[in-house]
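Asks: my questions are about this predicted structure, shown below with the sequence.
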Amino acid sequence: MDLLVIAESREPRYRRASRLYDILSDIPVPMDILVYSPDDVAEWRDVHQAFITTALREGKVLHEKHDREARVRQPFVRKSF
């Protein structure tokens, strides 16, 4: 399973998911966790073959926070990591 999380973060992308792997380690399902910032999403949203646009187009939303000031529709948004 691929889990996409869109969240504000000051960390580089390669470090963002480590905390989530720890939190979700008890779930007995193999998964890849990818954490993108809203800026990352905005940067890639017009590239139709990119992972992020495919995930947003074809993925299933597990949790979504509605934010009037959000620049993109953001499933499971955290303010920071």
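Replies: Looks like it arrived, so ask away.

Asks: please make it C-alpha for all contacts and neighbour counts, starting now.
Replies: Noted.

Asks: mind listing the strands for the chain?
Replies: Using DSSP state E, the strands of the chain run over residues 2-6, 32-36.

Asks: I'd like to know which of the ones you listed lies nearest to S18.
Replies: strand 32-36 (8.6 Å; CA to CA).

Asks: now render the strands of the chain as CSV, adding distance to A42 and mean neighbour count.
Replies: What follows is those, written out as CSV (distance: least, CA to CA, whole Å; neighbours: other CA atoms under 10 Å):
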stretch, distance to A42, mean neighbour count
strand 2-6, 11, 19
strand 32-36, 10, 18
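
Asks: would you turn those strands into TSV with distance to E43 and mean pLDDT?
Replies: Shown next, in TSV, are the strands of the chain (distance: least, CA to CA, whole Å; pLDDT from 0 to 100):
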stretch	distance to E43	mean pLDDT
strand 2-6	13	91
strand 32-36	11	93
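
Asks: of the ones you listed, which is nearest K60?
Replies: Per CA to CA, nearest to K60 of the strands of the chain: strand 2-6, 9.6 Å.

Asks: need the strands of the chain in TSV (columns: distance to T54).
Replies: Converted to TSV, the strands of the chain look like this (distance: least, CA to CA, whole Å):
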stretch	distance to T54
strand 2-6	11
strand 32-36	13
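
Asks: how about those, which one is nearest R57?
Replies: strand 2-6 (12.2 Å).
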